[in-house]
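> I need the structure of the sequence given here:
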Amino acid sequence: MHHSIEIDSLSFSYPDGHAALKDVSLKIAPGEKVALVGPNGAGKSTLILHLNGILTGKGRLTVCGLPVEQANFGRVRAAVGMVFQNPDDQLFSPTVFDDIAFGPIYQGLARDQVEARVDAALMAVRMEAYAQRVSHHLSMGEKKRIAIATVLAMEPEVLVLDEPTAGLDPRARRALINLLRDLPMTMLVSSHDLAMVREVFPRMVIMDEGRIVADGPSLDLLADGNLLEAHGLEKTWGDGPRP
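Numbers count the residues shown, from 1 in each chain. Down below sits the predicted model:
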């Protein structure tokens, strides 16, 4: 059985010479839900952008059994569903239906298959009534759910999200947390929302200055106040009973 994500000694520097990733190694098994946390500038987004070849560094990177290299980019990008922090980066069609249908149409599916994919994706994010709505008229929370639906419609093996709860009000945040908890797929999420991590993601990887500095059960790492403080992280919940 292959790992969903396997990263071996990955390093990357930007053109200005800034070393954003330094010898990063990480394995994620099928079905695992893993949170990637760390201060701004830790390298989290840079790492995520390597998973479908938007950035390419030095080292070995395999996704769903496929080496992440130019010859495989099409298959890799079908296997890895990427949801960016700003949903407006992914929503550009006249209606919600058109936004979600774009990927399956690009994949060459027949019309009835496209419609089935759109229906299933809308059902997965609990937005069935929104197919004919205009994406840009939706709230931030609704846009984030539709952005996730655009990715789910392509039936990826892995879902990767960058700061999914950023900019959401409490109700929209709660709805998104419930959605992520219920989606039955391999997931890697970059986030500063440690309360969400605690609730949804059993495993947590802490990055700082381009390196992985801790990797283990989320509840154990989140209970280590000295570790969190040393890497610019701050818990946002009380010391009551764990969920």
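> Buried ones in stretch 199-209, by neighbour count?
200, 201, 203, 204, 205, 206, 207, 208 (16 or more other CB atoms under 10 Å). In this view, the C-beta of every residue, glycine as well, is placed from N, C-alpha and C.
> cool, stretch 104-115 as well?
Using 16+ other CB under 10 Å as the burial criterion, the residues of stretch 104-115 that qualify are 104, 105, 109, 114.
> repeat for stretch 40-56
Residues of stretch 40-56 classed as buried: 42-53, 55 (neighbour count, 16+ other CB under 10 Å).
> Residue 145: which of these is nearest?
Out of these, the one with the shortest distance to residue 145 is residue 48. That distance is 19.7 Å, counting by CB to CB.
> residues in contact with that closest one?
Taking CB atoms under 8 Å, 6 or more residues apart in numbering as the definition of contact, the neighbours of residue 48 are 36, 82, 160, 162, 188, 190.
> Which strands or helices does the worst-scoring helix or strand of the chain on mean pLDDT pack on?
In the chain, the helix or strand scored least confidently by mean pLDDT, DSSP states H and E is helix 73-79, which has a mean of 90. For helix 73-79, the packing partners by 3 or more CB pairs under 8 Å, 6 or more residues apart in numbering; DSSP states H and E come out as strand 66-67.
> picking that back up, can you tell me which of the buried residues of stretch 104-115 is nearest residue 213?
The shortest approach to residue 213 among these belongs to residue 104, at 39.7 Å (CB to CB).
> Isn't that closest one up against residue 151?
No - with contacts counted by CB atoms under 8 Å, residue 104 stays clear of residue 151, the gap being 11.2 Å.
> distance of residue 68 from residue 37?
According to CB to CB, to the nearest Å, residue 68 stands 23 Å off from residue 37.
> Who has more neighbours out of the two?
Applying other CB atoms under 10 Å to residue 68 and residue 37 shows that residue 37 carries more neighbours, namely 27 against 24.
> Surely the more buried one and residue 207 touch.
Yes - because the distance of 7.3 Å satisfies CB under 8 Å, residue 37 is recorded as touching residue 207.
> which residues do those two both contact?
Where contact means CB under 8 Å, 6+ apart, the residues bridging residue 37 and residue 207 through contact with each are residue 44.
> the strands in the protein, which residues?
Along the chain, counting by DSSP state E, strands occupy 5-13, 19-28, 33-37, 58-63, 66-67, 80-83, 158-162, 186-190, 203-208, 211-217.
> which parts of the last one are buried?
The one in question is strand 211-217. 212, 214, 215.
> list the contacts for the second one?
Neighbouring residues of residue 214 by CB under 8 Å, 6+ apart: 204, 205, 206, 221, 227, 231.
> Look up the closest residue to residue 25, ignoring the ones flanking it.
Across the structure, with CB to CB, 6 or more residues apart in numbering as the measure, the residue nearest residue 25 apart from its sequence neighbours is residue 8 (5.4 Å).
> That neighbour: neighbouring residues, count only.
Residues within reach of residue 8, counting by other CB under 10 Å, total 13.
> which residues touch it?
Taking CB under 8 Å, 6+ apart as the definition, contacts of residue 8 comprise 25, 59, 60, 61.
> show me the contacts for residue 159.
81, 83, 148, 151, 152, 183, 185, 186, 187, 188.
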